[in-house]
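1. With the sequence up front, the predicted model follows.
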Amino acid sequence: MITQIASLLIETVFSLLVYLLLLRFYMQAFRAPFRNPVGEFVTALTNWAVRPLRRVVPGLYGIDLSSLVLAWIAEAVKLWLLYLVRVPEGAGLGILLILVLALVELLRDSLYLLIGVVFIQVILSWVSPYNMLEGILNALTRPFYRMFRRFIPPIGNIDLSPLFVLVLAQVCLILVAGLQHAVVRAF
């Protein structure tokens, strides 16, 4: 019972931090506006860690690598703590395995973040098409929709590109799960 509670707390706290850091990274990478409630929320909750790391990890072509590095570190710490909680007397877990698994988990988390953003955008487009989150949601999804909008025109004024993005993200999640199993078997 204690193990389950500790695992839940570790999973919740570190996953929230990882998703916030990934959202900050993708917002900057896709040039999403930060002057909205979501941008201010993400900035307020991640500045304490991102700003000091920027002195050590510089940006690259306008992309904030410190947010991505922090998300990777947080994911690795989460995996290590979960391992310690679940297997306290087991064999040692290699640091290289944890770092590689953390990269795979970041890829999985990025796909889940994309799925969540697409769902939120689709629902808000039905109930409130002109909302304060429109700019950020459009910036985060536009590159993915663009791939499908070239080949699939709107049918009856309904854009099907979000559906295809969701299906592609699900396929990628299956591939990432296979990659995760291959990494574990390799070590």
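-> That came in fine, so what should we check first? Because the structure is predicted, anything quoted here is derived from the model rather than measured.

2. Around Leu20, how many other residues sit close by?
-> Burial measure for Leu20: 22 neighbouring residues, criterion other C-beta atoms under 10 Å. Where C-beta positions appear, they are placed from N, C-alpha and C, glycine not excepted.

3. for the one 3 residues further on, same thing?
-> By other C-beta under 10 Å, 25 other residues sit near Leu23.

4. what sits against it?
-> Val38, Val42, Leu113 (C-beta atoms under 8 Å, 6 or more residues apart in numbering).

5. The second one against Arg24, yeah?
-> Yes. Contact between Val42 and Arg24 holds when scored by C-beta atoms under 8 Å: they sit 5.0 Å apart.

6. contacting residues for the residue positioned nearest the centre of the chain?
-> For the chain, the residue nearest the mean C-alpha position is Ser110 (3.1 Å; C-alpha atoms, centre = their mean). The contact partners of Ser110, by C-beta under 8 Å, 6+ apart, come to Leu22, Tyr26.

7. where does Pro58 land in three-state SS?
-> coil (DSSP: H, G, I helix; E, B strand; the rest coil).

8. for Val118, that is, sorry about that
-> Strictly by three-state DSSP, Val118 counts as helix.

9. cool, and Pro143?
-> Pro143 ends up helix, using three-state DSSP.

10. what's the pLDDT at it?
-> pLDDT, Pro143: 94.

11. Kindly report the same for Leu96.
-> Leu96 is given a pLDDT of 90.
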